[in-house]
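# Take this sequence and fold it.
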Amino acid sequence: MPLILGLGAAGGIGYYLYGAGGNAKAAEKKFESDADRASAKIRSHLPGNSPNAEKEFKGYGQEAGAKIDKAWAEADREATKLKKEAEAYAKDAKSEALKAVDKFDRKVEDGAAKAKGGISSWFGGSK
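This is a model prediction of the structure:
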C-alpha cells in the first residue's frame, strides 16, 4: 500500500511539474488552483449552499415542526382517550368489587344470624 501511495504522489507531482515546464513555484500555484476549484465544486453540491437555501430550509423546518405538532396532538388525544377508558374500567371494577363485598357481607350476616338462632335454640332462648 505505501508503494502505491508513493507512486500516486510522485505521479501527481510529475504531472504538475511537467505542466509548469519544470518550474516548482508555477506547479505549486497550479496545484493550489486545482484544489480550490475542486473544493468549490464539492461545496456547491452540499445542501445549504444554493441562493435559496435559507428559504428551502425554512420551509423544511416549518413542515417538520408541523408534523411534530400534529403527532404530539394525536398522541395527546390518544393518551386522553386511554386515560378515560382506564378510569371507566377502574370505576366499573370498583363497582363490581363493592357488589361482591356486599354480597359476601350479606351471606356472612345471614349465616351468622342462622348460627345465632341455632345456638340460642340449644339454650332455650329465642331469637
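# From residue 101, how far out is residue 108?
10 Å (C-beta to C-beta, to the nearest Å). C-betas here are computed from N, CA, C, even on glycine.
# Then residue 71?
44 Å.
# again with residue 21
For residue 21, the distance to residue 101 - C-beta to C-beta - is 106 Å.
# Equivalent analysis for residue 95, please.
Going from residue 95 to residue 101 by C-beta to C-beta gives 11 Å.
# same question, residue 79
Residue 79 is 32 Å from residue 101, by C-beta to C-beta.
# just residue 11 next, same as before
Going from residue 11 to residue 101 by C-beta to C-beta gives 93 Å.
# mean confidence for stretch 68-75?
The average pLDDT within stretch 68-75 is 89.
# hang on, I meant stretch 84-91
For stretch 84-91, the mean per-residue pLDDT is 85.
# Alpha carbons of it, in PDB - could you do that?
Extracted C-alpha coordinates of stretch 84-91, given in PDB (Å, rounded to 0.1, in the frame of the first residue of the first chain):
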ATOM      1  CA  LYS A  84     -60.700   8.000  30.200                       C
ATOM      2  CA  GLU A  85     -61.100   4.300  29.300                       C
ATOM      3  CA  ALA A  86     -58.800   3.300  32.200                       C
ATOM      4  CA  GLU A  87     -60.800   5.400  34.600                       C
ATOM      5  CA  ALA A  88     -64.100   3.900  33.400                       C
ATOM      6  CA  TYR A  89     -62.700   0.400  33.700                       C
ATOM      7  CA  ALA A  90     -61.400   1.200  37.200                       C
ATOM      8  CA  LYS A  91     -64.800   2.600  38.200                       C
END
